[in-house]
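> Got a predicted structure plus its sequence, pasted below:
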Amino acid sequence: MERNIEFENRLANEKSPYLLQHKNNPVDWYPWGDEAFEKARAEDKPIFLSIGYSTCHWCHVMERESFEDEEVAQLLNRGFVSIKVDREERPDIDSVYMQVCQALTGSGGWPLTIIMDSEQKPFFAGTYFPKHSSYGVLGLMELLPKISELWENSRSDLQEGIDKVMQYVKRFEAHANPSEPEKSILHNAYASYKDIYDSRFGGFGIAPKFPTPHNLFFLLRYGVLENSQLALDMVTHTLNCMYRGGIFDHIGGGFSRYSTDRLWLVPHFEKMLYDNALLLIAYSMAHSITNKAHYAYVIRQTADYCLRELSSKEGGFYCGEDADSEGVEGKFYAFSPHEIKSVLGTELGNRFNGWYGITEKGNFEGKSIPNLIDNEQFAEIPDELELAKAKLLGYRKKRTSLHRDEKCLTAWNSLLICGLVNAHLALSEPRYIEAAVQAERFISEKLSDGNRLYVRYIDGERKGYGKLDDYAFYAWALIELYQCTFDTQYLKKAISITEAMCDEFFDTSSGGFYLYSKNDEQLIIRPKESYDGAMPSGNSVAGFVLDKLYKLTGELIWKDRAMLQHSFISANAKNYPLSTGFGLYALTLALYPSDELVAVMPTHTDLEIIKARRLMNPNLSILVKTAQNRGELEALAPFTTAFSIDKDAEFFFCSGNECKSVRDSIKERVW
């Protein structure tokens, strides 16, 4: 049945790329808001809530199969009020109902499908549904009439189901009692990672495999602190295998979201800003420990991908690129040997095909994803093959194209700032710190009104009051910028943003930060997320930020808040260590002697030396006091008043509870 392509629903007035993708569906979609809920109440209809994002492959599949179909649309329009939500614009809604889905079904993902009453209370949850039932998967043509029948004839049974769901969901607001941080938590977590480590192909578990870089942050830090070579080896082997596999784009740089197989060969091809941002940090940390050339290569390729493909003219960075090209997943990335030779010529093409495993048999849908899995010389790529990649990159873009989600999110831009700062420290590449500074300026100008942060910016419009992740990640980014540039404006902003975060989100009685502000729209629950999934949770990053501010300023209020937050993190880490990777990383700040460096100098002449020392120890907290910033720094970190500025630079290194002057050994000492 053909649909009317001239039809437009209410999503046509939105700016979200995901919502706009559905503006011509025959489904009478509403954006989340009072109009939809009032209609559901007035017409006594249940709500069909669909949550996704614009680069989601299965979201596209469900749209083509069901939401573009007029038979499905008739069922939805007749019996339901249908609401579309972009999970990246409304992470609070997505988080609440994803917890519902996981509670009811044992799993979750996108597209996320929820059926609920007009009071936003759910009674059915799932993910992808085809039009018709097949291979054990329920279809919408069968599901929707059954729900409508129950709604009309068995409302009391549905209400009983709603009450049970709500009783269960309310448990997500209750958390384990705060627990004293102990090293045993970290030791047990390390043992858990070791148990599921894939010693052959790297990573943890079998398949699908996600990069989850913050797990690697913890293991690297743990390996250094506990002198555990195995912890370090687990990380470096995993990073090596990811780079060699197809999850890394060997032609254009950057990483896809996850691997569908154990070898890291065939990815789910969408590229997300946050994955690449966090992987920049992981490879930079590994580079600081090993000084391996191939880590520097991956850092450069990944950072350059972000700057080339995801940067906006205004200085921010876009969300990501789609997995699909012309409706086919992975078409953009796969090649035949003949294609390669037609672009590069026979001799160079044969060499490229041999180096990157491109064969007639193929490894994906009859074609090949370039990879280095069977190439033992992966660390030294010949110059002519690097030049060949530039030709293939140009050819690939002309052959087909990718949809790009051009929203700019505060949280994800903040993560990339952290990644670019680390890339700059690793490679001494000015472009990366310049891009990080520009991205921070973009957040300050476009995603803040001076009093609060916003979630997203697109086409001149900012929308959605900032959630916990926005504040925590931005504060982390500001600290990273300060620790690289030593410009006190970033430390001042970090303090201000963290103060606002504590005021709006912090539970001062039992610790933990709520997902959304006390002044924001109140949903059916107000959770404190502690699960570190594809990205760290706002709570884990908040613990890191609070502790770093105490180390940098010496102010006891940050110590008190950090201790309370670490107790909250510890309670969750005890129960779910493998789901608290960044939280474990944050706990290392509290459980091991900290390292601080105060550099007192007439000018900034030795900053490069100081930055090199910081890269060797990413957890080293550094303050730089000069004649120019003396007044500002003393206001932000009052303890620095005691350090006087002489004609010669002086450096004070503190480890644990002991401090000493290291005036003559700053250039040689490795902390």
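Structure received. Numbering: from 1, shown residues only.
> what's the following helix or strand after the biggest helix by length in the chain?
Assignment by DSSP state H gives helix 556-575 as the longest helix of the chain. The first helix or strand that comes after helix 556-575 along the chain, using DSSP states H and E, is helix 581-591.
> just the angle between that next one and helix 556-575, please?
Interaxial angle, helix 581-591 versus helix 556-575 (axes from the mean of the first three to the mean of the last three C-alpha atoms, to 10 degrees): 130 degrees.
> Tell me which other helices or strands the following helix or strand past helix 581-591 touches.
Next in sequence after helix 581-591, counting helices and strands by DSSP H and E, comes strand 595-600. When contacts are defined as 3 or more C-beta pairs under 8 Å, 6 or more residues apart in numbering; DSSP states H and E, strand 595-600 sits against helix 607-616, strand 621-625, strand 650-655. Where you see a C-beta, it was placed from the backbone N, CA and C, and this is true even at glycine.
> Parallel or antiparallel, which strands does strand 595-600 pair with?
Strand pairing for strand 595-600, determined by DSSP bridges: strand 621-625 (parallel), strand 650-655 (antiparallel).
> Of all those, which one is nearest residue 548?
Taking C-beta to C-beta, strand 621-625 is the member of those nearest to residue 548, at 6.4 Å.
> What's the local residue count around residue 534?
15 (other C-beta atoms under 10 Å).
> Just put the strands paired with strand 595-600 in CSV and tack on distance to residue 584 and mean pLDDT.
Shown next, in CSV, are the strands paired with strand 595-600 (distance: least, C-beta to C-beta, whole Å; pLDDT from 0 to 100):
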stretch, distance to residue 584, mean pLDDT
strand 621-625, 19, 90
strand 650-655, 21, 80
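> which of those strands sits most buried?
Scoring these by mean neighbour count under mean count of other C-beta atoms under 10 Å gives strand 621-625 as the most buried, with a mean of 24.
> Downstream of that one, the next helix or strand is which one?
helix 630-636.
> hmm, who's touching that next one?
Contact partners of helix 630-636, identified using C-beta atoms under 8 Å, 6 or more residues apart in numbering, comprise 488, 491-492, 495, 553, 623-625, 640-641, 645.
> now do stretch 131-140
65-66, 69, 71-72, 75, 126, 128-130, 141-142.
> show me where the stretch 251-400 of the chain has helices.
273-290, 293-309, 337-344, 346-355, 383-399 (DSSP state H, counting those that start in this stretch).
> Out of these, which is closest to residue 584?
From the helices of the stretch 251-400 of the chain, taking C-beta to C-beta, the stretch that ends up closest is helix 273-290, at 14.6 Å.
> Same question for the closest one: list its buried residues.
273-289 (16 or more other C-beta atoms under 10 Å).
> Report the backbone C-alpha coordinates of that helix in PDB.
C-alpha atoms of helix 273-290 as PDB (Å, rounded to 0.1, in the frame of the first residue of the first chain):
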ATOM      1  CA  LEU A 273      31.200  11.200  18.900                       C
ATOM      2  CA  TYR A 274      31.300   9.900  22.500                       C
ATOM      3  CA  ASP A 275      33.000   6.600  21.500                       C
ATOM      4  CA  ASN A 276      35.700   8.400  19.600                       C
ATOM      5  CA  ALA A 277      36.200  11.000  22.400                       C
ATOM      6  CA  LEU A 278      36.600   8.400  25.100                       C
ATOM      7  CA  LEU A 279      38.900   6.200  22.900                       C
ATOM      8  CA  LEU A 280      41.100   9.200  22.300                       C
ATOM      9  CA  ILE A 281      41.700   9.300  26.100                       C
ATOM     10  CA  ALA A 282      42.300   5.500  26.300                       C
ATOM     11  CA  TYR A 283      44.900   5.500  23.500                       C
ATOM     12  CA  SER A 284      46.500   8.600  24.900                       C
ATOM     13  CA  MET A 285      46.800   7.000  28.300                       C
ATOM     14  CA  ALA A 286      48.300   3.800  26.800                       C
ATOM     15  CA  HIS A 287      50.700   5.900  24.700                       C
ATOM     16  CA  SER A 288      51.900   7.700  27.900                       C
ATOM     17  CA  ILE A 289      52.800   4.300  29.400                       C
ATOM     18  CA  THR A 290      54.200   2.500  26.400                       C
END
